[in-house]
Structures are given as C-alpha cells and as structure tokens.
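Colleague: Output the structure for:
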Amino acid sequence: PLVFDIDAVDEDAGMRNHFDFVVAAANMRAQLYGIKGRTDEDYFRQTLKDVIVPDFSPAEGVKIAANDEEAKATDGNGMDTGDA
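Modeller: Below you'll find the model as predicted:
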C-alpha cells in the first residue's frame, strides 16, 4: 500500500499541487453532503498521515488498452469491459 508522504509537500511544487487538489476535492465532497469543509492545512497534514492507499488491482476479466493499436482493436473505446 502507498502512504501519502506529507513531508514531500514542502519540498516539491508538484506535491504542493497534489495536496491542494486533495484539499479542494475533500471540500467539494463535503459540500455535496452538506458538511462544512475545512481549509486548515495542519488538520489535513495530520489526517493524511493516517491515509493508506490500497494497491490497485484491476477487476478480473477487464482489459484496458495499453496503446493506440490495442484501443483500435477494441472499437476505439480503449477499454474492454467484457460486455460484448
């Protein structure tokens, strides 16, 4: 599993953008549910230390095109959902 490296935010501008995106997305999601959002950076720094991102594992039987040639072979949608 991945762990969000909160200390990298101060050292890397790209991580700063990622951090700002996470804060914005969290606030937008909160707003959808009528919850008051937060912008306090210390709160997010503390909370993100406890977030563990599970390893990605694709659903069985689903093939995602890895290149343009494979995408064309699957009717150009780039993803075979197994529905055909």
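
Colleague: Please make it C-alpha for all contacts and neighbour counts, starting now.
Modeller: Noted.

Colleague: For the particular helix or strand that has His18 in it, which residues meet the burial criterion?
Modeller: Per DSSP states H and E, His18 falls inside helix 13-32. By neighbour count, with 16 or more other C-alpha atoms under 10 Å as the criterion, the buried positions of helix 13-32 are 15, 19, 23, 27.

Colleague: Can you give the distance of it from its chain's centre?
Modeller: A distance of 10 Å separates the centroid of the chain from that of helix 13-32, by C-alpha atoms, centre = their mean, to the nearest Å.

Colleague: and the next helix or strand after that helix, which residues are buried?
Modeller: Beyond helix 13-32 on the C-terminal side, the first helix or strand identified by DSSP H and E is helix 41-48. Using 16+ other C-alpha under 10 Å as the burial criterion, the residues of helix 41-48 that qualify are 44-45, 48.

Colleague: Poorly predicted segments of the chain, please.
Modeller: Counting by pLDDT under 70, the chain contains low-confidence residues at 1-4, 75-84.

Colleague: switch the cut-off to 90
Modeller: 1-19, 22, 41, 44-84 (pLDDT under 90).

Colleague: Centre-most residue in it?
Modeller: With distances taken as C-alpha atoms, centre = their mean, the residue of the chain nearest its centroid is Val22 (8.6 Å).

Colleague: what about that one, distance to Ile6?
Modeller: For Val22, the distance to Ile6 equals 12 Å [C-alpha to C-alpha, to the nearest Å].

Colleague: Then Arg38?
Modeller: The gap separating Arg38 from Ile6 is 17 Å, by C-alpha to C-alpha.

Colleague: rewinding a little: dump the helix holding His18 to CSV, keeping only the CA atoms.
Modeller: Output of helix 13-32 as CSV, limited to C-alpha atoms (Å, rounded to 0.1, in the frame of the first residue of the first chain):
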residue,chain,number,x,y,z
ALA,A,13,5.9,22.0,-6.1
GLY,A,14,4.2,19.1,-7.8
MET,A,15,3.3,17.6,-4.4
ARG,A,16,2.0,21.0,-3.4
ASN,A,17,-0.4,21.0,-6.3
HIS,A,18,-1.4,17.5,-5.4
PHE,A,19,-2.0,18.5,-1.8
ASP,A,20,-4.1,21.5,-2.8
PHE,A,21,-6.1,19.2,-5.1
VAL,A,22,-6.8,16.8,-2.2
VAL,A,23,-8.0,19.6,0.0
ALA,A,24,-10.2,21.0,-2.8
ALA,A,25,-11.7,17.6,-3.6
ALA,A,26,-12.4,16.9,0.1
ASN,A,27,-14.2,20.2,0.5
MET,A,28,-16.2,19.7,-2.7
ARG,A,29,-17.3,16.2,-1.4
ALA,A,30,-18.1,17.6,2.0
GLN,A,31,-20.3,20.3,0.3
LEU,A,32,-22.2,17.6,-1.6
